[in-house]
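K.L.:
sequence and predicted structure, then a few things I'm wondering about:
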Amino acid sequence: MALNDKTAVVTGAAMGIGKAMTEILLQNGAQVAILDVDKTAGERLTEELNKRYGAEKTLFLNCNVESEEQIKAAFQKTVETFGGIDILCNNAGILNESTWEKIVSINLMGVIRGTYLALEHMSKLSGGRGGVIVNTASMAGLGPLPSCPVYTATKSGVVGFTRAMAAASAVSGYGIRINVLCPGFVQTDLMSNMSARLGQFSHLADVTQQLIEKIGIINVSDVADCLLELVTDETKNGEALMLFRKGKQYVTFPSFSE
Ligand SMILES: NC(=O)c1ccc[n+]([C@@H]2O[C@H](COP(=O)([O-])OP(=O)(O)OC[C@H]3O[C@@H](n4cnc5c(N)ncnc54)[C@H](O)[C@@H]3O)[C@@H](O)[C@H]2O)c1
Ligand SMILES: CCCCC[C@H](O)/C=C/C=C\C=C\C=C\[C@@H](O)[C@@H](O)CCCC(=O)O
């Protein structure tokens with residue numbers, strides 16, 4: 001998929017991985033709706049991007065992915081502004097085991113909500129032009145992080161949901177490819193104040209730090225490069241792309257069909 005004049009929606013786009021995703025999509029010719037709950041960070045980023053890419057290429061929408069009303073309005077405004085949606089990056093996510101219901105509400109339910117709303121705008125069965133959805137999970141969605149059991153559960157859920165939706169899309173003829181990114185540890189704010197984020201599991205902070213040192217930390221640009229691969233390679237549907245310091249790898253899952 002060439003990105004010139006394609007329209008992308010990125011959630012959690014104001015900082016970290018989402019910001020890097022937004023930038024690589026703009027660099028490759030797309031126009032981007034920047035959705036984030038942090039109005040100040042979103043407006044600051046949009047002002048910076050407008051200077052580099054032109055105001056006609058970006059649209060900031062203050063949006064909490066926990067809110068059906070807000071995300072519905074954001075998608076509608078995106079369609080009104082750019083004429084449609086071709087790419088969705090369900091990226092917004094948090095880590096704080098003390099508020100585990102919020103992790104579920106944002107990391108898993110927010111991805112489901114965004115995907116289902118995108119179907120209404122993107123599916124060829126409902127007048128859309130098809131496209132691609134990339135969900136941001138984590139390596140924790142492939143193997144458990146003992147210090148973050150609910151975060152692990154949400155990311156495992158995103159992997160499973162993505163693979164099921166990709167199969168459903170292929171069989172149904174939605175014309176939408178759906179893939180999942182599983183980064184290892186990435187240098188962003190989500191990695192700060194780790195002990196506080198672990199809640200009742202803060203006693204496992206040292207174990208987690210040892211894992212961080214073992215697996216290593218990558219940059220947001222490494223994740224953005226993998227996003228671009230999943231967006232532009234039209235052979236990719238139902239794929240889980242894992243990336244960490246040693247490199248990237250498409251995950252092979254058990255097959256029960258043989
Ligand atoms: N940093 C890592 O090590 C790492 C590794 C693998 C996966 N991830 C995942 O990558 C995604 C992005 O994380 P990050 O590391 O860039 O974190 P970050 O904290 O740097 O950025 C997260 C962004 O999402 C926004 N956000 C938070 N809650 C929101 C909500 N309810 N609605 C809309 N926007 C919201 C924040 O305002 C922020 O701009 C998350 O899903 C995270 O779980 C992160
Ligand atoms: C406190 C920071 C949390 C960051 C969350 C973010 O999503 C990053 C996750 C990165 C990596 C997760 C790796 C999970 C690995 C598990 O499979 C673990 O059980 C592997 C143990 C490997 C070993 O000990 O050899």
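P.N.:
Arrived safely. Ligands and ions are numbered 1, 2, ... in the order given.

K.L.:
so how far is ligand 2 from Ala137?
P.N.:
Ala137 is 8 Å from ligand 2, where distance means CB to the nearest ligand atom, to the nearest Å. Heads up, the C-betas are built off the backbone N, CA and C, glycines and all.

K.L.:
does the residue of the stretch 101-250 of the chain found nearest ligand 2 lie in a helix or a strand, and which?
P.N.:
Closest contact between the stretch 101-250 of the chain and ligand 2, by CB to the nearest ligand atom, is at Gly143 (1.9 Å). Using DSSP states H and E, Gly143 maps to neither a helix nor a strand.

K.L.:
could you do Ser255 as well?
P.N.:
Using DSSP H and E, Ser255 falls outside every helix and strand.

K.L.:
state the distance from it to Arg163.
P.N.:
The gap separating Ser255 from Arg163 is 12 Å, by CB to CB, to the nearest Å.

K.L.:
which ones are touching Gly93?
P.N.:
12, 106-107, 110, 136, 154, 190 (CB atoms under 8 Å, 6 or more residues apart in numbering).

K.L.:
need the phi and psi values for it.
P.N.:
phi -170, psi 160 (degrees, to the nearest 10).

K.L.:
strands of the stretch 151-258 of the chain, start to end?
P.N.:
With DSSP state E, counting those that start in this stretch as the criterion, the stretch 151-258 of the chain has strands at 176-183, 185-186, 217-218, 240-244, 247-250.

K.L.:
quickly run through the sheet partners of the second one, with directions.
P.N.:
The partner list of strand 185-186 in its sheet, established with DSSP bridges, is strand 217-218 (parallel).

K.L.:
tell me how far Leu61 lies from Leu119.
P.N.:
Separation of Leu61 from Leu119 (CB to CB): 19 Å.
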